[in-house]
Each structure stands twice: as structure tokens, then as C-alpha cells.
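> Requesting a structural model of the entry that follows:
(one chain, ligands or ions: 2)
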Amino acid sequence: MTAQPLALQTTLQREEPMDSDKPFIRVENLSKVFHLGGARRMFGLLPPTSGQKGFTAVDDVSFEVKRGQIFVIMGLSGSGKSTIIRMVNRLIDASDGTITVDGKDVRSLAPAALRDYRNRTINMVFQHFGLFPHKSLVDNVAFGLKVRGVDKEAREAKAAEALAIVGLGDRIHALPDQLSGGMKQRVGLARALATDAEILLMDEPFSALDPLIRKDMQELLIKLQQNFKKTIIFVTHDLNEAMYLGDKIMVMKQGKNVQCGTALDLLEAPADPYIEAFVTEVDRSRVLTAGMIARRTARHGTAGQAVDLPASSLARVPEGTIVHDLLPILAAGADPVEVLDEQGAIIGKITAGDVFSALSPSKGNSNNAA
Ligand SMILES: Nc1ncnc2c1ncn2[C@@H]1O[C@H](COP(=O)(O)OP(=O)(O)OP(=O)(O)O)[C@@H](O)[C@H]1O
Ligand SMILES: [Mg+2]
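Numbering: from 1, shown residues only. Ligands and ions are numbered 1, 2, ... in the order given. Below is the predicted model:
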């Protein structure tokens with residue numbers, strides 16, 4: 001079997017990335033109440049849930065992010081997503097709760113430590129990746145590293161590596177104006193991932209893009225992430241994007257965390273009708289992967305743990321293969337297929353029946369009940 005094309009790799013393949021089980025970012029009982037001005041109150045411009053004290057934009061939210069994960073915050077407009085990441089970055093102060101990053105209490109950082117945290121630990125990525133028009137692509141991408149004092153050779157090597165990943169390895173000395181809009185977006189993404197900050201906060205970075213460029217950027221983010229291994233908090237309105245990118249997804253509604261889990265958790269056990277309504281819109285064949293189904297089958301006792309690769313006449317697929325791409329393999333008569341993890345060990349077998357059952361909505365999936 002040839003190497004899995006990037007586009008086919010989705011999130012559960014990266015279910016437990018990297019080594020540590022310890023959360024890198026831990027948010028506990030976080031709340032934000034905005035105290036609104038008298039004029040807005042007087043003219044009745046307050047949101048309906050405003051109490052006397054103010055408006056609760058984030059309400060007792062807790063979550064954990066492990067090193068190397070992509071943690072997606074998803075929810076409708078006004079649900080508090082940006083407010084959360086602004087509190088993590090301390091652009092705004094929380095009203096209550098704790099934020100711990102790598103063991104440090106972010107809310108109590110003194111000014112010098114806060115500067116260091118913002119400059120070295122965290123990189124905030126905005127929707128418009130503004131590039132310096134007079135700098136070459138390599139200088140644009142290396143800029144963040146230059147500011148942090150990384151020497152020329154090292155920063156240019158890293159920038160060139162990132163540009164190669166986004167398909168611009170042969171254009172590193174071009175100027176931004178010589179590129180198309182989509183290419184500029186790629187450079188911006190390369191720059192975001194090539195910094196030495198361990199954490200990236202990305203607030204709807206792709207939402208203004210047309211669908212084709214957006215898909216391209218999602219794939220490139222995964223590809224860059226495989227190389228640079230950041231810890232990412234990614235905000236989006238779009239559940240398909242959330243499921244494609246997120247190792248974990250937290251769904252917000254009116255400031256509250258309604259459910260936090262993997263794409264599969266949300267698909268199979270939506271916590272309430274709000275999430276159920278969202279997941280019916282999802283194209284399951286493009287979210288579910290062979291790995292997810294094999295693992296689930298294993299939970300129900302019909303497949304084993306990873307074992308070394310014995311000779312077999314069965315077709316084998318990498319665990320990141322999305323069901324959409326698995327269907328033609330099954331249709332060609334391979335049933336069951338064996339599923340391999342990143343190390344090439346077998347994590348299970350799946351049959352056409354397993355696939356069809358996974359594709360039907362959770363209510364019809366009674367055989368999957370624990
Ligand atoms: N500085 C502020 N003062 C008062 N209210 C605010 C302030 N910032 C945000 N809010 C309110 O808090 C709520 C959550 O805002 P937030 O920007 O976090 O939402 P969001 O989920 O990021 O929405 P969107 O998807 O539209 O970006 C909204 O009702 C917003 O009006
Ligand atoms: Mg927002």
C-alpha cells in the first residue's frame with residue numbers, strides 16, 4: 001500500500017499525540033462577566049441573558065489540552081469562543097476560575113513573566129495573515145524567529161522547511177505580491193507554525209476563505225502540525241472543520257461548555273439536542289476513519305490490540321483513511337480490511353458491516369452501546 005495522501009488523514013489518527021498524559025493547558029471553572037456601560041443598559045442594548053452584574057460571556061468552563069493536541073472550540077456566534085482564548089492569552093482578564101499552562105498559573109503572572117509568556121509561549125494567529133510586502137517569503141516566515149533572537153541560519157532553515165511543506169519551497173525568495181491570495185494564506189500559515197512558541201491560538205483563521213482554499217489550509221495545518229507539533233487551540237463555527245482538525249472538540253453554547261470530546265464522541269453520543277442537530281449536518285464518511293472504526297470494534301471485543309505485522313492476504317489501510325476512501329476498497333471485494341497504526345502495527349480488522357453501521361446515525365447504532 002502506498003503512503004497515505006495527506007488529505008485522507010483526519011484527527012483520530014492523532015488521538016493521543018506525543019508522550020505526556022499530563023494536560024499542558026488546564027482551564028478550570030473559567031468565567032467572564034462583562035460589565036456593560038450605563039448607556040447600553042439604558043437603551044436596552046444588553047443581550048437577553050444580562051443580569052444586574054453584567055453579561056456572562058463565559059460561564060464556568062473547564063477543559064484540558066495535552067501537548068501536541070489540536071483542541072477545537074466550536075459554537076455559534078456569541079457563544080464565548082473568542083473570549084476564552086483572549087483569557088488564555090490574558091488579552092482580557094477572567095472574572096473567575098484558573099488557567100494553568102505548563103504548571104504556571106497564567107492569571108497571576110507578574111508583568112515581566114506575562115510578557116515572556118506572550119512572547120515565547122503563545123502565538124496568537126489572526127484571520128488576516130498580514131505579510132510584509134517588502135520582505136521575501138523566507139524572511140516573512142522567519143520573522144517571528146528573528147524577533148526571538150534565533151540565529152540567521154537556523155531561522156532560515158526552519159522557514160524554508162515550513163515553506164516547502166506548504167508547497168512554496170521553490171519560491172522562498174519571491175515577494176508576497178508575486179503570489180496569489182491562496183499562496184499568501186499558505187505563507188501566513190507557514191509563519192504561524194514555524195515560530196518557536198509552543199502554543200498557537202487560532203481564532204477562526206480560515207473563516208473568510210473560499211471553500212477550496214479553506215480545505216487546502218486545513219490540510220496544510222495538519223501537515224505542518226505533523227512536522228512542528230504545536231499545541232493548538234483553534235476556534236471555528238464549522239463542525240466539519242472542527243471534526244477534521246480537532247483531536248478534541250469543545251462545543252460552546254451561550255458561554256457554557258455543552259460537550260467536550262473527540263469527533264467520534266460527538267457523533268456517537270451527542271450530549272444534547274443542540275449537538276445532535278449539529279452532527280446531523282456532518283458528512284460522516286469524511287470524518288470517520290478506519291482507525292476510529294477499528295478502535296470502536298475493538299472496544300466491543302471483535303478486534304485486538306496492535307500486533308506486529310504478520311503476513312496476510314487481507315487488504316491493509318492506514319488508520320487515517322477516511323471512510324469515503326475505504327468504500328471503494330470494500331466495494332472491490334476486500335472484506336474485512338486490516339487497519340494499521342502509524343508504526344505499521346495492526347490495530348484491528350473492519351468489515352463492510354462495521355463501516356455501514358458506523359455511517360448510520362448513532363440512534364440506529366444499537367450494537368455500539370457500551
Ligand atoms: N468587550 C466586551 N464587552 C461586552 N460584551 C462583550 C465583549 N466582548 C464580547 N462580548 C460579548 O460576549 C459574548 C461572547 O463573545 P465572543 O466574542 O467570545 O463570541 P464568539 O463565540 O467568539 O463569537 P463569534 O463567533 O461571532 O466570533 C457576546 O455576546 C459578545 O457580545
Ligand atoms: Mg469570535
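> Do I have it right that Gln259 meets Val251?
Yes. Applying CB atoms under 8 Å as the test, Gln259 and Val251 come out as touching, 5.0 Å apart. (C-beta placed from N, C-alpha, C; glycine too.)
> Between those two, which contacts overlap?
Counting by CB atoms under 8 Å, 6 or more residues apart in numbering, the residues touching both Gln259 and Val251 are Leu266, Ala271, Ile275.
> residues touching Ala159, list them.
Under the criterion of CB under 8 Å, 6+ apart, the neighbours of Ala159 are Leu137, Val138, Asp139, Asn140, Val141, Ala142, Leu145, Ile172, Ala190, Arg191, Ala194.
> Out of those, name the ones that lie in helices.
Judged by DSSP state H, helices contain the following of these: Leu137, Val138, Asp139, Asn140, Val141, Ala142, Leu145, Ala190, Arg191, Ala194.
> Can you tell me how far the second one is from Val187?
If you measure Val138 against Val187 using CB to CB, to the nearest Å, the figure is 10 Å.
> just Ala269 next, same as before
The spacing between Ala269 and Val187, counted by CB to CB, is 40 Å.
> Neighbour count: these two, which is higher?
When neighbours are counted by other CB atoms under 10 Å, Ala269 and Val187 differ, and Val187 comes out ahead with 25 against 16.
> mind checking the SS state of the more buried one?
Classification of Val187 using DSSP: H, G, I helix; E, B strand; the rest coil returns helix.
> how about the residues of the stretch 101-250 of the chain near ligand 1?
With CB under 6 Å from any ligand atom as the criterion, the stretch 101-250 of the chain meets ligand 1 at residues His237.
> where do the contact lists of Val138 and Val187 overlap?
By CB under 8 Å, 6+ apart, Val138 and Val187 have these common neighbours: Leu163.
> residue boundaries of the helices in the chain?
Taking DSSP H as the criterion, the chain contains helices spanning 38-42, 81-88, 111-116, 137-147, 152-165, 181-194, 211-228, 239-245, 263-268, 273-279, 284-287, 290-299, 323-331, 352-359.
> Where does pLDDT dip in the stretch 251-370 of the chain?
When the per-residue scores of the stretch 251-370 of the chain are filtered using pLDDT under 70, the ranges that remain are 296-312, 362-370.
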